[in-house]
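S.K.: show me the folded form of this:
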Amino acid sequence: MRSRVSNDDPEDREAPACAEQITYRVDPVDRGQRLDSFLARRMHWRSRTSIQKLIQEGKVEIVRRAARAAANKPAAVVIDGDTLHVTLPKPKRDIDFAAGADGAKQELAILFEDRWLVAVDKPPNVPVHPAGRNLHRTVITLLRQRHARPDDPEAAVQPKLCHRLDLETSGVLLVAKEDQAHRRVSEMFRRRLPEKEYLAIVHGVPQERSGLIDLPLGPALGMTVAMARGVRHDIGQEAQTRYEVISQSGAFALLKVKLLTGRHHQIRVHLAAIGHPLVGDKIYGGDEELFIRYYDGALTEADQARLLLPRQALHAHRLALTHPVTGAPLALVSPLPEDLAAFLRAREAEL
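M.R.: Now for the predicted structure:
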């Protein structure tokens, strides 16, 4: 039987809550819409089901002709002139992250930004978008806050992901600030036009200093973690990954990895398949029980010692593409982050 295990962050489960509030105004063109439909078009980072739940829990208030009333029916109809106040529960963990350990407000590191795009240097263990229990501490919600327009909510930028990175993966993440750029970049990714280059620290050193891994991928067989992928020659999709050994630190190697296709968990599965799993990989490192205990918040000190790193050693180093509007070449680069660099230094010091 497959586990209920997903990719949610277990620390978000029982966090104390406070709240933030978003306000929307209803224009004549929106008259007669269902309340849940109106909000779904604006709060695109949340699912329709979660919006309906907010309404049913009384977290949406309608101000109509100076009278205030809590809405509790998703099918309620909005009319022009309404002002909607939406209260979103916010885990304490998100507040602590936003404020930082020293009380100073933290922001995402911006690698590039113009009228159409913003590229961020995604930290590890920050989800790219709200899902499940990760609703606030995500790249999309932090960008939404960064571009908020309290004076004119309808004019605020609504950031849209152009691609995705795993929860634990750090590095270059490209986000569109308007629909046309999003459509064009999404089409580029569909056609595999952008160049995607990663840095990875793996167990062992590949005998071949460079090579092409050409193995089809599909749902993993015989694994408990439902999202796990594996090499499947029967029903797998084409998947190709190039790698090159950059350096060796004891029994570990730093690889430059280029994705030629973009399958789910492709780099992690491919490197594990050739006998060199990522350091810190809880699913493909040889014992998926580590991920199950991580998901349950039950990792032991012995587990953490086996992993060597608290997250998988994978970093999106470089993304190169043509700008969707200007046509200029765009190369976005994020250097190896300090946690991975420190791991390599420590291995060198052990020699």
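
S.K.: packing partners of the helix or strand containing Asp339?
M.R.: According to DSSP states H and E, Asp339 maps onto helix 338-350. Applying 3 or more CB pairs under 8 Å, 6 or more residues apart in numbering; DSSP states H and E, one finds that helix 338-350 contacts strand 195-203, strand 240-249, strand 252-259. From N, CA and C alone the C-beta is placed, and that goes for glycine too.

S.K.: and the helix or strand following the shortest one with strand 252-259, angle?
M.R.: The one in question is strand 252-259. Downstream of strand 252-259, the next assigned helix or strand under DSSP H and E is helix 266-273. Interaxial angle, helix 266-273 versus strand 252-259 (axes from the mean of the first three to the mean of the last three CA atoms, to 10 degrees): 130 degrees.

S.K.: which outside residues touch helix 266-273?
M.R.: By CB atoms under 8 Å, 6 or more residues apart in numbering, the surrounding residues in contact with helix 266-273 are 198, 200, 202, 213, 215, 217, 229-231, 239, 241, 243, 255, 257, 259, 263, 277-278, 281, 283-285, 312, 314.

S.K.: averaged pLDDT, the helix or strand just after it. What do you get?
M.R.: Heading C-terminal from helix 266-273, the first helix or strand you meet, by DSSP H and E, is helix 289-295. The average of the pLDDT scores along helix 289-295 is 87.

S.K.: can I get helix 289-295 as CSV, trimmed to CA atoms?
M.R.: Below are the C-alpha coordinates for helix 289-295, written out as CSV (Å, rounded to 0.1, in the frame of the first residue of the first chain):
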residue,chain,number,x,y,z
GLU,A,289,12.4,5.4,5.4
LEU,A,290,14.5,8.5,6.0
PHE,A,291,11.9,10.6,4.1
ILE,A,292,9.0,9.0,5.9
ARG,A,293,10.5,9.8,9.2
TYR,A,294,11.4,13.3,8.0
TYR,A,295,7.8,13.8,6.9
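
S.K.: now find how far off-centre stretch 264-280 is within its chain.
M.R.: Here stretch 264-280 shows a centroid-to-chain-centroid distance of 19 Å under the convention CA atoms, centre = their mean, to the nearest Å.

S.K.: so for it, what gets flagged as buried?
M.R.: Residues of stretch 264-280 classed as buried under the neighbour-count rule (16 or more other CB atoms under 10 Å) are 264-274, 276-280.

S.K.: what pLDDT does the residue positioned nearest the centre of the chain get?
M.R.: Centroid-nearest residue in the chain: Val128, 2.3 Å away (criterion: CA atoms, centre = their mean). Listed pLDDT for Val128 reads 90.

S.K.: in which helix or strand would I find it?
M.R.: Val128 belongs to no helix or strand, assigned by DSSP H and E.

S.K.: okay, helices next: where are they in the stretch 101-250 of the chain?
M.R.: Counting by DSSP state H, counting those that start in this stretch, residue ranges of the helices within the stretch 101-250 of the chain are 139-146, 179-190.

S.K.: can you tell me which of the ones you listed is most buried?
M.R.: helix 139-146 (a mean of 20; mean count of other CB atoms under 10 Å).

S.K.: just give me the lowest mean pLDDT stretch among the helices of the stretch 101-250 of the chain.
M.R.: For those, where the average pLDDT is lowest is helix 139-146, sitting at a mean of 88.
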